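*Asks:* Generate coordinates for the sequence data below:
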Amino acid sequence: MPSVKILKAIKLDDKDLINFSNSFPSDGGLKLALDRSPSYFESLSKEGLNTDIIIGKDNITNEIVGIGHRTELSYFLFGEKIRLGYLSGLRLLKKYRSGIALARGYLKLKELHERSNCKGYLTTIQSENKTAIQILESGRAGLPKYQFIDHLTTFVWLPGVLKEETTLQIQKLSNSTGADLIEEIKRSSFLFPEIPDSIYEEKGFSKYLIYSKEELIASFALWDQKEWKQWKVLGYQGQWRILRYVYNFWANLNKMPCLPKPGLSLSYIFLTQLKIKESQIHLFPIILKKIFQQTRLTFPNTYICFTIAKKDPKFPFLKNIPAWKIESRGYFVSWRGDDSNFIVPDGGFSEWEAGLL
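*Replies:* Sure thing, here's the model as predicted:
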């Protein structure tokens, strides 16, 4: 088994990090890779604070064979401020996936974690990645505790799939509007992220308010990340080399996203920070139609991505809308032992969008 050394990445590693990520294929018949050009470090700085990147390098060739990162963000947990993090971007070439290399990588993450104020980390694993799930849930020596939280679904929609007009009004958020709703949601939410000003100032990030008559009932954001992060298609494996053409014919008839040619990037935006006034949650279907209408105007020919817990009461409505569905498992990761359990409400927890997909 090849030997691996684990290091904290520095800016001089930026180009090598981009090249590694650009060529690392996802599991499954559709092979995707995450492109964080033009700068890996700058890309992660837009997802949170105090980012640390670790890299595994072959001891002989000195080439990068694995990466991973931790990013911090402040949240309001039932109205009280708490510091949590994200574990994301964990990738390791197959021939280096020994228990020793994995344990060394997590030991380095633990070292960086202990310098922070994070209580723990949110992370996701695609449901089809059975090997990673089995290893990380095993609790073997050197690994942190992976507490399973919920089954998640990421829906990928064409905005034109819901075209019905609504009587709701929409307004782009400015610094002086919507503060009362945000404060109300912050106090009542199980977990609400404190988004850094740097994200609000990005040209690809737009926040909106939705009104029914003159009452403010919901807020949401559309986040276009293509300037610094996008998924590209490396190719297709097995039967999907042929089935792609059959699927695309069927998808055009059913208002579903199509599978692009190898070498192209997926054109998508994230629907994120969707918050609805508790007394108006019954209006969710028409609120979503209004969001789709705004997306068609702002981002034509672009897919919408939205991640939600299967326990969430909005899930039964969403699952019937034609979409790609990417299944994953959500976890709370901690090195603090059994006293660090993350207690989730019965309705699930759906604040998974930023930095994890």
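
*Asks:* The spatially most distant residue from the centre of the chain: what's it in contact with?
*Replies:* Among the C-alpha atoms of the chain, the one farthest from their average position, using C-alpha atoms, centre = their mean, is that of Ile60, at 34.4 Å. By C-beta atoms under 8 Å, 6 or more residues apart in numbering, Ile60 lies in contact with Pro2, Ser3. (Glycine included, C-beta is placed from N, CA and C.)

*Asks:* What's the first helix or strand after the helix or strand of the chain with the lowest mean pLDDT?
*Replies:* Every helix and strand of the chain was ranked by mean pLDDT, DSSP states H and E. The lowest is helix 179-188, at a mean of 60. Remark: after helix 179-188, the chain's next helix or strand is strand 191-193, criterion DSSP states H and E.

*Asks:* Name the residues that touch the helix or strand containing Ile125?
*Replies:* Per DSSP H and E: Ile125 is located in strand 121-126. With contact meaning C-beta under 8 Å, 6+ apart, strand 121-126 is reached by 26-27, 70, 84-88, 90, 113, 132-133, 136, 146, 152, 326-334, 352, 356-357.

*Asks:* what do you get if the cut-off is 7 Å, keeping everything else the same?
*Replies:* 27, 70, 84-88, 132-133, 136, 152, 328-333, 352, 356 (C-beta atoms under 7 Å, 6 or more residues apart in numbering).

*Asks:* how about the helices of the stretch 251-357 of the chain, start to end?
*Replies:* According to DSSP state H, counting those that start in this stretch, the stretch 251-357 of the chain carries its helices in the segments 284-298, 315-318.

*Asks:* for the stretch 51-200 of the chain, what are the low-confidence residue spans?
*Replies:* 174-190, 196-200 (pLDDT under 70).

*Asks:* got the residue ranges for the strands in it?
*Replies:* 64-77, 80-92, 121-126, 145-157, 169-172, 191-193 (DSSP state E, counting those that start in this stretch).

*Asks:* Need these in a markdown table (columns: distance to Thr295).
*Replies:* Below are the strands of the stretch 51-200 of the chain laid out as a markdown table (distance: least, C-beta to C-beta, whole Å):
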| stretch | distance to Thr295 |
| --- | --- |
| strand 64-77 | 25 |
| strand 80-92 | 25 |
| strand 121-126 | 23 |
| strand 145-157 | 9 |
| strand 169-172 | 11 |
| strand 191-193 | 21 |
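
*Asks:* Of all those, which one comes closest to Gln273?
*Replies:* Gln273 lies closest to strand 191-193 among those, at 7.4 Å (C-beta to C-beta).

*Asks:* Could you check the closest one and say which residues are buried?
*Replies:* For strand 191-193, the neighbour count (16 or more other C-beta atoms under 10 Å) marks Leu191, Phe192, Pro193 as buried.

*Asks:* which non-adjacent residue is nearest the second one?
*Replies:* Yep, that's Phe192 we're talking about. Phe76 (4.5 Å; C-beta to C-beta, 6 or more residues apart in numbering).

*Asks:* Was I right to think the one you found contacts Ile195?
*Replies:* No - using C-beta atoms under 7 Å, Phe76 is not in contact with Ile195; the gap is 11.4 Å.

*Asks:* What separation do you get for the nearest residue to Phe342 once chain neighbours are set aside and Ile281?
*Replies:* For Phe342, the nearest residue in space outside its immediate sequence neighbours is Phe332; the separation is 3.6 Å by C-beta to C-beta, 6+ apart. Distance, Phe332 to Ile281, using C-beta to C-beta, to the nearest Å: 25 Å.

*Asks:* Look at these two and report which has more neighbours.
*Replies:* Neighbours were counted for Phe332 and for Ile281 using other C-beta atoms under 10 Å; Phe332 has more, 22 against 13.

*Asks:* so who does that one touch?
*Replies:* Per C-beta under 7 Å, 6+ apart, neighbours of Phe332: Gly120, Leu122, Gln147, Ile149, Phe342.

*Asks:* Apply 10 Å and report the result again.
*Replies:* 84, 119-123, 144-149, 340-344, 349 (C-beta atoms under 10 Å, 6 or more residues apart in numbering).

*Asks:* Next: Tyr331.
*Replies:* 87, 120-125, 133, 136-137, 144-150, 342.

*Asks:* what does Ser334 give?
*Replies:* So Ser334 contacts His113, Cys118, Lys119, Gly120, Tyr121, Pro144, Lys145, Tyr146, Gln147, Ser340, Asn341, Phe342 (C-beta under 10 Å, 6+ apart).

*Asks:* can you put those in a markdown table and add distance to Phe292 and neighbour count?
*Replies:* Below are the contacts of Ser334 laid out as a markdown table (distance: C-beta to C-beta, whole Å; neighbours: other C-beta atoms under 10 Å):
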| residue | distance to Phe292 | neighbour count |
| --- | --- | --- |
| His113 | 39 | 23 |
| Cys118 | 36 | 21 |
| Lys119 | 36 | 16 |
| Gly120 | 35 | 23 |
| Tyr121 | 32 | 22 |
| Pro144 | 39 | 22 |
| Lys145 | 39 | 18 |
| Tyr146 | 35 | 21 |
| Gln147 | 34 | 17 |
| Ser340 | 39 | 15 |
| Asn341 | 37 | 13 |
| Phe342 | 32 | 19 |
